[in-house]
Every structure is written in C-alpha cells, then in structure tokens.
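Participant: one predicted model, sequence on top.
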Amino acid sequence: MRPGDWAMLLLAAAGTAALAPIAFSGGAAEKAVVRRDGVVVAELPLTQARRIEVAGALGTSVIEVQPGRARVAADPGPRQYCVRQGWLTQPNAIAICAPSHLSLSIAGRAANHDSLAY
Amino acid sequence: MTASPIELRPTADDHRIARYAAAAIALSVVEAAIPLPLPGVKPGLANIITLIVLARYGWRDAVWVTLLRVVAGSLLLGQFLAPGFFLSLAGALASLVALGLAMHLPARWFGPVSQSLAAAFAHIAGQLIVARLWLVPHDGLLYLLPFFALAALLFGLANGLAAAKLLEESASTAARSGTATNDRT
C-alpha cells in the first residue's frame, strides 16, 4: 500500500458510504401518481404537503398530499368511493374515482408485487 | 502432417498473452463455483491477472488478456452471448479504460491497489449502465448501487492487495536470481 493507495481507498470508502442511504430508503412510499384514463397527469413527491386540483370527466377533483400519505380530498363522483377510502400510505395502494376517470396511486421505490410465481 | 493453407505463427507475445489469459480464465471458472448472495456480485479474481499483466507488460496486453478471458470464460461457463456475457464485457471494457487512466498515476504514490479500486468501480459502473439501458430499463436497478459499490470496494481492495503481493514477490525472486522478469520497470 502506497500513500496514494490509502487516499484512493479512503475516497472509494467515502463514495460507498455516501451511496449507503439509497439502500435504506428503498420500498418506502415515495410519490403519489395521479392518472386520468390511465395517463399520468401528476406525480407528487410525498415529502411536502400539497393540494392540487385535477380536471376529471365530471369536474374538478382535489388531491391532497401530506408527508408520507395522499388522498382524494374531493371528487364530484356520485358515490364518493375514492374520497371515503381516505389516506393512502402503502406503496401500490390506489384510490379510483371511476366516474371521474381518475386514479390516485402511491408508488414506492421497489415494486411491491402482490405475488410472484416462478 | 499436411501443410495448413493458412499458417499462423504465434509470436512470443501471443504465447505470453495466452498463458496469462489461461490463468485468468481458470480463475473466473473457479470463481463461478463460489456462491454469492447477490447476483452480479463476484470477487473478480481474474482481475488480479489483469493487474499483473498491466504492471509487467502494459495496457495493450492487459486488454488482450481481459477480453480473451471474458470471451473464453463465458464459453466455458455457457454464458456466451447471454445477458451475463454482455454485462461482463461492459464491465471489463469500462475497467480497462479506468486502468488505462489509472496506470498513468505517479507510481511513487499509486500502486496496484489504486488501479484495482479504480477498475472495480469502473466495472460496476459499466455493468450498471448497460443493465439500466438494456436489460432492466427501470431506475429501481440503481437501488442496488450501494451493494455493488460495497462489493467493488472490498473486492477491489482484496484483488489489488493480492496483485501487489504477487508483483512484489516476483520482483524479489527476479532480483535474487539476477534476471529481470519485469521488462517495463
């Protein structure tokens, strides 16, 4: 080991350590994805509170995001299923406002499959 | 014996490259038998040979030995033209570029360990780029980055130390017997 080797090793170790947080943040809910007719109209990170209005087939729906969770706060649909579903926190959770052609889903880093078959 | 219409005369260079490539291929076959937790993470023992060839005979020979090892090693392991082959190839090419740059670091301060670390990190970078662009076109792949980086750190260090040790020993035997095996330094 020459002096430069130690420096290189330190540099490499520091680089690796800097990457480490990525390993521990996987799988958590990360962003809310709003779709209309299957087309993504908004992607909101679940890190800051926000309210956005989305134009649906019946009128305007309100999507509310708070750190770590999201919900459909208001929707003009007749039965209000997606509103009554409340806060979504888990990756791949979804609230569907069928009359408005809207859906709100939570995307995590890793795709959480319902099941895997080989 | 009938005369071959095409005559290939292997030079001393060819013989030497073939010998080192054979050693590298043997190491990659041995290494394939070691079970490891994460697919794609391998110690890369054959890179010890690459480092030694680089130190003794220069970059051109190191490229030959490495590419022969990737192709012939994958043939032996039944991986030729399979996704794993292209990942190896991408990693090998990236690390050869890194070695080409790292060998110009001042030799007084930087030895095989530095070169090995540079090559190991370049290897995972090359692999991940190809994997991201072609095999798994999804950013989820990048969450494996810390694990690959850790592997590169550990195995890069281990391989570099092994190469440094072997070079040191061969240099001291050469000094004792009075013949220079090292025709570059």
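Facilitator: In hand now; what should we look at?

Participant: which residues does the most centrally placed residue in chain B contact?
Facilitator: Nearest to the geometric centre of chain B sits residue B:47, at 3.1 Å (Cα atoms, centre = their mean). Contacts for residue B:47 (Cβ atoms under 8 Å, 6 or more residues apart in numbering or on different chains) come out as B:95, B:116, B:119-120, B:123, B:159, B:163. No exception for glycine: its C-beta is placed from N, CA and C like everyone else's.

Participant: per-residue pLDDT, it?
Facilitator: On pLDDT, residue B:47 comes in at 92.

Participant: and if you look at residue B:126?
Facilitator: 93.

Participant: that one sits in which helix or strand?
Facilitator: Per DSSP states H and E: residue B:126 is located in helix B:112-130.

Participant: what's stretch A:71-80 in contact with?
Facilitator: For stretch A:71-80, contacts defined as Cβ under 8 Å, 6+ apart pick out A:51, A:56, A:58-64, A:82-83, A:85-88, A:95, A:97-100, A:102, A:104.

Participant: ok so, going back, between the helix or strand harbouring the residue nearest to the centre of chain B and helix B:112-130, how big is the angle?
Facilitator: Using DSSP H and E, residue B:47 maps to helix B:46-57. Here the directions of helix B:46-57 and helix B:112-130 differ by 130 degrees (axes from the mean of the first three to the mean of the last three Cα atoms, to 10 degrees).

Participant: quick one on the thing from earlier: so which of the contacts of residue B:47 wins on neighbours?
Facilitator: Within these, neighbour counts (other Cβ atoms under 10 Å in any protein chain shown) peak at residue B:116, which reaches 33 neighbours.

Participant: what about it, distance to residue A:19?
Facilitator: Using Cβ to Cβ, to the nearest Å, residue B:116 is found at 19 Å from residue A:19.

Participant: now the helices for chain A?
Facilitator: Along chain A, the segments classed as helices by DSSP state H run A:3-25, A:81-84.

Participant: and the nearest residue to residue A:77 once chain neighbours are set aside, what does it touch?
Facilitator: The shortest distance from residue A:77 to any non-neighbouring residue, by Cβ to Cβ, 6 or more residues apart in numbering or on different chains, is to residue A:99 (3.9 Å). Contact criterion Cβ under 8 Å, 6+ apart gives A:56-58, A:76-79 as the residues in contact with residue A:99.

Participant: could you report the pLDDT at residue 18?
Facilitator: Let's take chain A. 86.

Participant: let me rephrase: I mean chain B.
Facilitator: 93.

Participant: now do residue B:77
Facilitator: 88.

Participant: ok, and the closest non-adjacent residue to it?
Facilitator: Using Cβ to Cβ, 6+ apart, the closest residue to residue B:77 is residue B:32 (5.4 Å).

Participant: ok, residues contacting stretch A:32-52?
Facilitator: Against stretch A:32-52 from outside (Cβ under 8 Å, 6+ apart): A:29-31, A:54-57, A:62-70, A:73, A:88, A:100-107.

Participant: buried sites along that stretch?
Facilitator: A:32-36, A:42, A:44, A:46 (16 or more other Cβ atoms under 10 Å in any protein chain shown).

Participant: can you check stretch B:20-33 too?
Facilitator: For stretch B:20-33, the neighbour count (16+ other Cβ under 10 Å) marks B:20-21, B:23-28, B:31 as buried.

Participant: do stretch B:45-62 as well
Facilitator: Applying 16+ other Cβ under 10 Å to stretch B:45-62 flags B:45-57, B:59, B:61-62 as buried.

Participant: residue in chain B nearest to chain A?
Facilitator: Going by Cβ to the nearest Cβ, chain A is nearest to residue B:109 of chain B, at 3.3 Å.

Participant: angle of the helix or strand of chain B with the lowest mean pLDDT against helix B:112-130?
Facilitator: Using mean pLDDT, DSSP states H and E, helix B:145-177 stands out as the lowest-scoring helix or strand of chain B, at a mean of 88. Put simply, helix B:145-177 runs at 140 degrees to helix B:112-130, going by the same axes, to 10 degrees.

Participant: report the buried residues of helix B:145-177.
Facilitator: Here helix B:145-177 shows B:145-153, B:155-164, B:166-167, B:171 as buried, counting by 16+ other Cβ under 10 Å.
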